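1. Quick one: sequence and predicted model below, then my questions.
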Amino acid sequence: MKADPFGNLIDWGPVMQLIEELTEAGRLDECQPGLARILGFKGNWRLREETLKRVQLLHNPSEQVIRQVIKIMGDNNTYFEMRILACASLGALLVRRMHPFSPPLQALLRKTLATQLAVPQPGSFQEALVTVEEKARLYLFGTDADQRRHVEFRSLDSVGNWSVT
């Protein structure tokens, strides 16, 4: 299968059908470059929303996909419902990622969370951000019990670095 079998995203009906078929066949992981392209395509909100829901099912999400989800979460020009969906997707992707994030991707995540949490957000979006932040802490600092206890006392500072509070 091609890494990006989706073709013209303007004609979104066939793209939605293909995403559904790939999901049912368990083959979404094979076309992650195409999923990342869809997430970056601002020309159709339905397509982006559906893709955000489906990427949560990826077995080993790529950095390309994760980067696009982080960008949606941090895009102040995107409506809050989609940004909340991006938070939910990112939470699922953090758990499913089998390899560590590269330093640039970690920096993007830290900066995006710090920027979004530095200003008051509507209640449900704020809750979604806090949930993602907690999962990011667990992911970035490891998963053993001792590290989890220490993570509870860490937070993001204003420039996106983790600090002890």
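-> That came in fine, so what should we check first?
2. Would you map the helices across the chain?
-> Along the chain, counting by DSSP state H, helices occupy 12-25, 32-40, 45-55, 63-74, 80-96, 103-117, 123-141, 145-151.
3. Ok, which of those helices comes nearest Ala3?
-> Comparing these against Ala3 with CB to CB, the closest turns out to be helix 32-40 (4.3 Å). For the C-beta atoms, the positions are set from N, CA and C on the backbone; glycine is no exception.
4. Can you report the mean pLDDT over the residues of the closest one?
-> The average of the pLDDT scores along helix 32-40 is 97.
5. hmm, back to that, tabulate the helices of the chain in TSV, adding columns for mean neighbour count.
-> Converted to TSV, the helices of the chain look like this (neighbours: other CB atoms under 10 Å):
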stretch	mean neighbour count
helix 12-25	15
helix 32-40	21
helix 45-55	19
helix 63-74	22
helix 80-96	20
helix 103-117	17
helix 123-141	17
helix 145-151	12
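6. Need those helices in TSV (columns: distance to Phe6).
-> Rendered in TSV, the data for those read as follows (distance: least, CB to CB, whole Å):
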stretch	distance to Phe6
helix 12-25	5
helix 32-40	5
helix 45-55	9
helix 63-74	13
helix 80-96	18
helix 103-117	23
helix 123-141	27
helix 145-151	38
